[in-house]
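Undergrad: sequence-free structure coming up:
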């Protein structure tokens, strides 16, 4: 699906071109045919994770010694784009591979890496990260979930909400306060397999505007007893720093998802207006359609070039949080605008669920909210002025 005429970016090596082709074929052939059924059921099949892991498309940026493909964020970007072009917007694999796993790689002890990363790469473990709470979203310092020291371990109490992969996840990283009096320095990250602890409960799968097959859930921790080995990296009070260090990659990942949907929307709409007729001619022959798609293609091309620039900087280790915030806010704003304008060209059919553009309209909306709202992104950018 080549909706944009953008030259191959410099970070796109030959092995990434091969990966791009293999990933697109896998998602188109192995998972996409089941998507309608999953959307109706409200959840994907668990074996989708196993299949994706067996294909080598989970945790591609993890070192080979830990079960990964030894790649970089560029590999995750290629795979995430393929997921988006296949229309699998509800699949939580990008979060699993490019958000959850890197916390273990960057901050985990050697024992934690050996214990969890290979099983995340295979799909045996499905990962989630539990940050958001009913009373704390973008303000992570306002979380109430606590982990109190108890002998050689901890006892965790609290709840989380809006957790991606919540129903399938059997491995969770939880943001908790270990010292409520220490502000940001009292936040720690805990990682554990859900089947190994008592007191952990999955709540309901949340009903949402979009992403119907995504198992976004509530999680509850009722006197969950954890050992010192569950403290990520073995050091208390480092959680807030760890979160801040990883947020640029999370926000860039959202940008990758945004541009993938933009490209898909443009391709689907172009095909539709060439085929659909009104007043005796194809919709594409009306000047309004031509002007609209010309604007969409131009803005989408700018978005793709900016995204490629950000990926190149990130792979080289030079993407700052301000630029990542620019990418997250601007690309997701554009995503929603493009999908809306494309839906308009479908007319009444654009409002029907049987057409993918309708679902994309609903699915796109949350992109401006999670990973930090776009209003928060603008505040972060403003501070750099």
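TA: That came through, no problem. All of these numbers come straight from a predicted model, not from anything done at the bench. Numbering: from 1, shown residues only.

Undergrad: what residue spans form the domains of the chain?
TA: The record assigns the chain these domain ranges, following automatic domain parsing: 14-125, 128-237, 241-382.

Undergrad: and the worst-scoring helix or strand of the chain on mean pLDDT, how far out from the chain middle?
TA: Using mean pLDDT, DSSP states H and E, strand 277-278 stands out as the lowest-scoring helix or strand of the chain, at a mean of 94. How far strand 277-278 lies from its chain's middle: 38 Å, per Cα atoms, centre = their mean, to the nearest Å.

Undergrad: which residues touch that strand?
TA: Contacts to strand 277-278, defined as Cβ atoms under 8 Å, 6 or more residues apart in numbering, come from residues 283, 286. For every residue, glycine as well, the C-beta is placed using N, CA and C.

Undergrad: partner strands of it, with direction?
TA: Take DSSP bridges as the rule and strand 277-278 pairs in its sheet with strand 281-282 (antiparallel).

Undergrad: which residues does the strand it pairs with contact?
TA: Counting by Cβ under 8 Å, 6+ apart, 273, 274, 275, 276 sit against strand 281-282.

Undergrad: please repeat the previous calculation with a cut-off of 7 Å.
TA: With Cβ atoms under 7 Å, 6 or more residues apart in numbering as the test, strand 281-282 has contacts from 273, 274, 276.

Undergrad: before we move on, what about stretch 216-223?
TA: The contact list for stretch 216-223, computed with Cβ under 7 Å, 6+ apart, reads 130, 145, 155-164, 166-167, 199-206, 208.

Undergrad: what does stretch 28-47 give?
TA: 48, 51, 86-88, 90-91, 167-168, 205, 212-213, 215.

Undergrad: span of it from start to end?
TA: 16 Å (Cα to Cα, to the nearest Å).

Undergrad: show me what counts as buried in stretch 142-160.
TA: 143, 145, 146, 147, 153, 154, 155, 156, 157, 158, 159, 160 (16 or more other Cβ atoms under 10 Å).

Undergrad: over to stretch 319-336?
TA: For stretch 319-336, using 16+ other Cβ under 10 Å, the buried residues are 319, 321-332, 334-336.

Undergrad: between these, which is closest to residue 360?
TA: Within those, the smallest distance to residue 360 is 9.0 Å, found for residue 335 (Cβ to Cβ).

Undergrad: spatially nearest residue to that closest one, not counting backbone neighbours?
TA: Among residues not flanking residue 335 along the chain, residue 258 sits closest, at 4.0 Å (Cβ to Cβ, 6 or more residues apart in numbering).

Undergrad: spell out the secondary structure type for the one you found.
TA: Taking DSSP: H, G, I helix; E, B strand; the rest coil as the rule, one finds residue 258 in the helix state.

Undergrad: what's the neighbour count on it?
TA: 27 (other Cβ atoms under 10 Å).

Undergrad: contact partners for it?
TA: Contact analysis of residue 258 by Cβ under 7 Å, 6+ apart lists 331, 332, 335, 367.

Undergrad: what's the spacing between the helix or strand where the first one lies and its chain's center?
TA: Residue 331 is part of helix 321-345, with elements assigned from DSSP states H and E. For helix 321-345, the distance from its own C-alpha centre to the chain's C-alpha centre is 15 Å (Cα atoms, centre = their mean).

Undergrad: quick one: secondary structure of the spatially most central residue of the chain?
TA: In the chain, the centroid-proximal residue (Cα atoms, centre = their mean) is residue 95; its distance is 4.3 Å. Secondary structure for residue 95, judged by three-state DSSP, is helix.

Undergrad: what stretches of the stretch 1-150 of the chain score poorly on pLDDT?
TA: Within the stretch 1-150 of the chain, the set of residues satisfying pLDDT under 70 comprises 1, 137.

Undergrad: residue 160 sits in which helix or strand?
TA: Assigned by DSSP H and E, residue 160 falls in strand 153-163.

Undergrad: other SSEs contacting that strand?
TA: Packing partners of strand 153-163 (3 or more Cβ pairs under 7 Å, 6 or more residues apart in numbering; DSSP states H and E): strand 127-130, strand 146-150, strand 171-177, strand 217-227.
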